[in-house]
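>>> Fold the following, please.
(2 chains)
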There are 2 protein chains.
Amino acid sequence: MENTLKRFTVNGGFFGRYQQLAKDTIIPHQEKAIKDELAGAEKSHAVENFRHAAEVIKTGKCSGEFYGMVFQDSDVAKWLEAAAYSLALFPDSELEKRCDEVIDLIAEAQHDDGYLNTYFTVKAPEKRWTNLAEAHELYCAGHMMEAAVAYAQCTGKTKLLDIMERMTAHIYKRFVTDGAEGYPGHPEIELALMRMYKCTGDKKHLELAGHFINVRGVNPHYFGEECKKRDWQVWGLDCGDTEYAQNNAPVRELEKATGHSVRAVYLYAGMADYAAVTGDESLVKACETLWCNIVQKRMYVTGAIGSAYEGEAFTADYHLPNDTAYAETCASIGLIFFARKMLDLQKRGEYADIMERALYNCVLAGMELDGTKFFYVNPLEVLPGISGMTKTHWHAKPERPSWFVCACCPPNVARLLTSIGEYAWSLEEKEDVIYSHLFINGELDGKIAVETNFPFDGKVTYKFKQAVNQMLAIRLPFWSENTQISCEYEAKDGYAYIKGAFAEGDVITVDFDMSVKRIYADSNVSANNGKVAFSRGALIYCAEGVDNGGEILNLAVKKNGAVSIEDNNLKAEGFRLKNNGDLYSFNSPEAEPCTIKLVPYYTWGNRGLNQMRVWIPEN
Amino acid sequence: MENTLKRFTVNGGFFGRYQQLAKDTIIPHQEKAIKDELAGAEKSHAVENFRHAAEVIKTGKCSGEFYGMVFQDSDVAKWLEAAAYSLALFPDSELEKRCDEVIDLIAEAQHDDGYLNTYFTVKAPEKRWTNLAEAHELYCAGHMMEAAVAYAQCTGKTKLLDIMERMTAHIYKRFVTDGAEGYPGHPEIELALMRMYKCTGDKKHLELAGHFINVRGVNPHYFGEECKKRDWQVWGLDCGDTEYAQNNAPVRELEKATGHSVRAVYLYAGMADYAAVTGDESLVKACETLWCNIVQKRMYVTGAIGSAYEGEAFTADYHLPNDTAYAETCASIGLIFFARKMLDLQKRGEYADIMERALYNCVLAGMELDGTKFFYVNPLEVLPGISGMTKTHWHAKPERPSWFVCACCPPNVARLLTSIGEYAWSLEEKEDVIYSHLFINGELDGKIAVETNFPFDGKVTYKFKQAVNQMLAIRLPFWSENTQISCEYEAKDGYAYIKGAFAEGDVITVDFDMSVKRIYADSNVSANNGKVAFSRGALIYCAEGVDNGGEILNLAVKKNGAVSIEDNNLKAEGFRLKNNGDLYSFNSPEAEPCTIKLVPYYTWGNRGLNQMRVWIPEN
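Model prediction:
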């Protein structure tokens, strides 16, 4: 059983606070939500749906009704997964007991044939598997598999894993043994099956993951054909839009990241994981192609992806509007999954660079600093009066809403934060190398302790708490042009390789170059022409109205001007342009010198309604 | 009968060519379209619908079906109106005969009670007046009234006018005499009834125009209530969105131009006309408020309006995205109508300034130079690969399509071009002033001949062909900072007032300042921060790929650089930025000096698929 969850621990520092927040606030808050105990919030019914399904299994009838999204089950799964990680970090017998109770309920909701999905059990038992395009059956199964693996690895309890092995057997029988056509409308099960395989060693899980990857898009018209056969729909999705769900071509022929961006990166993560395990070269190549397309042409500087609300989707190369971005929190989490799996394939620092960028910027911005409110959509420019108001910007809210009808992002953030150690490290036991991808306070396996004030400070100390015979590879991030390491190393593909053996008490000190950088976008990104963004280390910065006299659209950064650092914020020399009251004027606006204050993007929107922008004109 | 149509004539020059094009190409092309004689194009059925309706009137049955948009009748009306103006310019007995035949058919399609609308007569006779929100009955009636007035004034034939007087009586009976609730979903009839009133002198027409203006929005829920009562729909319009059709409040309380932009400016034009005739001060004030909101906060520099595809609508103050603009040709035509009526209210040059801007830029750009293809949507930035391709930019085509399912814009351009004299001049006989608003080659009433190469040259000559005792007021356009006039004048509210009496043979020469201007947008227009646009006289310029090595996004204009004029195009000093292949780079891109060629915006998109932008970064 691959299980590093208890081996990578976080102690204090930047992510220690977030993990504490997850334990104290995020996970309890979400537990209340899925159990309909949140005062003032819309009912979730996610747990109640399982209660209804259990009644159906027991009595054949149901006294209540299914309620919520067709994928409501996944909210329970994601909460269980986050709770499992939290239990590994912070043992809590009360929480564990409540998790066990939810799992008991899930067990009761499972059919004798292994099938598990409350929407169909309660609402439409005769419609099972007739709407793969919209109904998220395989997606919900995937999330519950992830929860099952996490819960087994973190608590040692395998009841949920057993449940999901039976569900997996059910799916295997249908799609492999019995040869039913089809593939998931929303990819997720591919990466989940890989986790099942790694956890159980059951090759059928690997085979099923490969099946869904390999059949996808071979018949690009599957969803359209399915649509003609059924007399019901969930949302009336356009099943002819094959790019939306990445079934326009067999996965190995995909050249561009298209369609619904969460679907896309979940699929690519599963593909990369499958390729890493099987060594499937054509799949590796497809993953590289899709990765390059995203990070070279379709990604925001914050690590966000998905340029359009329409379809929550990728649009076209270099189309990266700041104000109408979709930039869903879940999509950046999916990009992190994809990056992490690419790291399993190839130890190249660029994957970890992007993982870091998406994590410290888009994903963290998705959550209010106090952990109670969340953004789906993470625009790079927000203008009260337009953002969240006009039909073009309805999705791009200027403040985090306190509730969600569709609750996909909050538990996704929770499970990422509570398992962040998995992203910080890789252990390549065969190759005798320990990889340090992210610079997070904590310990690896009781062997190496990392101390740092990253992302605010560039100093990272690796202390050996016992003798280590492996090599240590520390990422050399792209933003650090001058990294100082206290020992000899060989730089390769974005990592500093330091030879062991290390003795107990050895210390390696790394000093990253944390100078402020100006970022320029390729001129094909029309929205950023003439503009500059700022970063320092992993953090992207933005200007908010609250720090800049309320108005920021009339600010321009001075070309080659000074930028200073103050309390982890930036102060840049700039100009404030003076409007003359005319919408269009023949006179160049007067420019008064001023100081522009910039704050880390992940902190924006925590001090009331105000303007925000990442890309600022440079003059 | 107010009839200046034959008194303001155009001879040669810029608009002479366009009027000839209307006669030779646009009107014949559209005649073929509405008569289903256009090879390769989708059937219009607009005339055929009248044939079907006539059959219903005659026999009570119909052998065919209604086809097309619910407002298909208006295509026939707008064509007839344009044909009428063309007959005034270019007498053509064949065309007139064909028009008469269409009018005969219209007469046969009218019910005994005066009702005229082929959609309802053929398709849904029992549903008359049950869906004012969507079904365009009053809109179609309005357009046919305009055609009737134009045809009477240009040919002296009153058959269509008689038809529309009977339809007007029908509407008057329903909404005034019988007191039926409701107002048009798409305003148009208000301005049309004003034309009917001025043409016939029948006060009931004035009263009915006032009725529709006065009841609008008093019950803002009318469309919602109507929706609940009916069991059918055209498109399923959201009848709760009261801003969409400007019925959110009584018209005198409207403070912002909202909703569907064509609906908005048609309504405001009717309001201004009614206010000019009745002297209704509160309505004048409302028109001024709405005018200011548009031109000071919601108008593109090309005179385009409507920032969003969603609802073809105004969005919010200062929200003027260049690439996703809706900027419908018809909306700018409506803005010209509104401006023209504001000029009837108040002789202020600013109204004519905007009329000129919308005409020479957005409206003319709406048509291919050869008159055969049309844009609905007139964006200020076009990027092949994104524009017309992604879901966000589907509406913003990079090339003019050769056909339209909804054919509203082409005949609107035709009727504007063929009646352009009406916009060039005002005769205020009581006040003894002749106003010259636009600088168009032609003659006023056989008295004054205007000669000019405007918009390419700033010299305009007024030659008196007979003695004139009135004062002549020549507009002093806002873009001419230094206007030379060959005689004494008094400047007031944007006009140069020149005292008569003028003798036969007198000549006044005006020289406008045609220097190239840089335009800066108010910084609240986020899309234009750090950018500049260029104008010369009435013309706004743009850069196209075809003139600039294919790529224009990497161009920046040099601040205070030189700009020269060459063949009516501009050549501006600038820089070409060199991308280094990275989506995001820490290095400011190298800038090579270059010359940027700019062409008049109205000519863009006539030389194949390429990039275009009006607002260019300044460096």
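>>> Need the three-state assignment for the residue most central in space within chain A.
Closest residue to the average C-alpha location of chain A: A:I333 at 0.6 Å, with C-alpha atoms, centre = their mean. In three-state terms, and counting by DSSP: H, G, I helix; E, B strand; the rest coil, A:I333 is helix.
>>> Next: A:N524.
coil.
>>> so what pLDDT did it get?
At A:N524 the predicted local confidence, pLDDT, stands at 98.
>>> What backbone torsions are found at it?
When read as degrees, to the nearest 10, the backbone of A:N524 gives phi -70, psi -20.
>>> Just give the nearest non-adjacent residue to it, would you?
Nearest residue to A:N524, sequence neighbours excluded (C-beta to C-beta, 6 or more residues apart in numbering or on different chains): A:Y318, at 3.9 Å. Yep, even glycine has a C-beta here, placed from its N, CA and C like the rest.
>>> next one: A:P600
A:P600 sits nearest to A:L539 (C-beta to C-beta, 6+ apart), 4.5 Å away.
>>> And the strands in the stretch 451-600 of chain A, which stretches?
Taking DSSP state E, counting those that start in this stretch as the test, the strands found in the stretch 451-600 of chain A are A:459-464, A:471-475, A:484-485, A:490-492, A:495-498, A:507-511, A:516-521, A:531-536, A:539-544, A:555-557, A:563-566, A:569-578, A:584-585, A:590-600.
>>> can I get the ones you listed in JSON lines with distance to B:A88?
JSON lines is the format used below for the strands of the stretch 451-600 of chain A (distance: least, C-beta to C-beta, whole Å):
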{"stretch": "strand A:459-464", "distance to B:A88": "83"}
{"stretch": "strand A:471-475", "distance to B:A88": "78"}
{"stretch": "strand A:484-485", "distance to B:A88": "84"}
{"stretch": "strand A:490-492", "distance to B:A88": "81"}
{"stretch": "strand A:495-498", "distance to B:A88": "81"}
{"stretch": "strand A:507-511", "distance to B:A88": "83"}
{"stretch": "strand A:516-521", "distance to B:A88": "55"}
{"stretch": "strand A:531-536", "distance to B:A88": "53"}
{"stretch": "strand A:539-544", "distance to B:A88": "58"}
{"stretch": "strand A:555-557", "distance to B:A88": "54"}
{"stretch": "strand A:563-566", "distance to B:A88": "67"}
{"stretch": "strand A:569-578", "distance to B:A88": "50"}
{"stretch": "strand A:584-585", "distance to B:A88": "36"}
{"stretch": "strand A:590-600", "distance to B:A88": "51"}
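>>> Buried deepest among these, which one?
Across the strands of the stretch 451-600 of chain A, the average number of neighbours (mean count of other C-beta atoms under 10 Å in any protein chain shown) peaks for strand A:539-544, which reaches a mean of 26.
>>> how far does it sit from the chain's center?
Centroid separation between strand A:539-544 and its chain, computed with C-alpha atoms, centre = their mean, to the nearest Å, is 20 Å.
>>> now stretch A:476-483
Between the centre of stretch A:476-483 and the centre of its chain there are 24 Å (C-alpha atoms, centre = their mean).
>>> what's the span of that stretch, first residue to last?
Taking C-alpha to C-alpha, to the nearest Å, stretch A:476-483 runs 7 Å from one end to the other.
>>> Pull out the buried positions in that stretch.
Residues of stretch A:476-483 classed as buried: A:476-480, A:483 (neighbour count, 16 or more other C-beta atoms under 10 Å in any protein chain shown).
>>> Would you check that A:N453 makes contact with A:K459?
Yes: counting by C-beta atoms under 8 Å, A:N453 does reach A:K459; the two are 7.1 Å apart.
>>> tally of neighbours for the residue in the stretch 401-550 of chain A that chain B sits nearest to?
Residue nearest to chain B within the stretch 401-550 of chain A: A:G530 (3.3 Å; C-beta to the nearest C-beta). A:G530 has 22 neighbours, counted by other C-beta atoms under 10 Å in any protein chain shown.
>>> hmm, back to that, spit out the contact partners of the residue nearest to the centre of chain A.
A:358, A:363, A:412-413, A:416 (C-beta atoms under 8 Å, 6 or more residues apart in numbering or on different chains).
>>> same thing but 7 Å
By C-beta atoms under 7 Å, 6 or more residues apart in numbering or on different chains, the contact set of A:I333 is A:363, A:412, A:416.
>>> Would you mark the buried spots in the helix or strand hosting the second one?
With elements delineated by DSSP states H and E, A:N412 resides in helix A:409-418, which encompasses its position. For helix A:409-418, burial by neighbour count (16+ other C-beta under 10 Å) applies to A:409-418.
>>> just checking, next helix/strand downstream of that helix?
Next in sequence after helix A:409-418, counting helices and strands by DSSP H and E, comes helix A:421-424.
>>> From the rest of the structure, what touches that following helix?
Contacts of helix A:421-424 (C-beta under 7 Å, 6+ apart): A:4-5, A:8-10, A:336, A:340, A:355, A:437-438, A:440, A:442.
>>> Can you list which of the residues you listed are found in helices?
The members of these that map onto helices under DSSP state H are A:336, A:340, A:355.
>>> Between the residues you listed, which sits nearest chain B?
A:M355 (15.8 Å).
>>> how near is that closest one to A:E443?
Remark: distance between A:M355 and A:E443 (C-beta to C-beta, to the nearest Å) = 20 Å.
>>> Show me which of those two is the more surrounded one.
More crowded of A:M355 and A:E443, by other C-beta under 10 Å: A:M355, with 25 against 17.
>>> okay, and for chain A, where does confidence drop off?
For chain A, the stretches flagged by pLDDT under 70 are A:1-5, A:403-408, A:429, A:431.
>>> Break down the stretch 1-150 of chain A into its strands, ranges please.
Taking DSSP E, counting those that start in this stretch to define them, one finds strands in the stretch 1-150 of chain A at A:8-10.
>>> near chain B, which residues of it show up?
Residues of the stretch 1-150 of chain A lying near chain B by C-beta under 7 Å from any C-beta of the partner chain: none.
>>> could you pull out the helices for the stretch 1-150 of chain A?
With helices called from DSSP state H, counting those that start in this stretch, the stretch 1-150 of chain A shows them at A:13-21, A:27-34, A:46-59, A:73-89, A:93-108, A:118, A:137-155.
>>> Any idea how far the fourth one is from the middle of the chain?
From the chain centre to the centre of helix A:73-89 is a distance of 15 Å (C-alpha atoms, centre = their mean).
>>> Which elements pack onto that helix?
helix A:27-34, helix A:46-59, helix A:93-108, helix A:137-155, helix A:409-418 (3 or more C-beta pairs under 7 Å, 6 or more residues apart in numbering or on different chains; DSSP states H and E).
>>> tell me how far the ends of stretch A:582-600 are from each other?
For stretch A:582-600, the first-to-last residue distance is 34 Å (C-alpha to C-alpha).
>>> so where does the nearest residue to A:N248 once chain neighbours are set aside fall, helix or strand?
Nearest residue to A:N248, sequence neighbours excluded (C-beta to C-beta, 6+ apart): A:T242, at 3.9 Å. A:T242 is part of no helix or strand, with elements assigned from DSSP H and E.
>>> Chain B contacts on the stretch 151-300 of chain A?
Residues of the stretch 151-300 of chain A lying near chain B (C-beta under 7 Å from any C-beta): A:296-297, A:299.
>>> Please identify, among the residues you listed, the one with the most neighbours.
Counting neighbours by other C-beta under 10 Å, A:M299 comes out on top of those with 26 neighbours.
>>> what's the neighbour count on the nearest residue to that one once chain neighbours are set aside?
Among residues not flanking A:M299 along the chain, A:I305 sits closest, at 5.4 Å (C-beta to C-beta, 6+ apart). A:I305: 29 surrounding residues under other C-beta under 10 Å.
>>> and what of A:S307?
28.
>>> Same question for A:V122.
23.
>>> quick one: contacts for it?
A:49, A:52-53, A:56, A:62, A:65-66.
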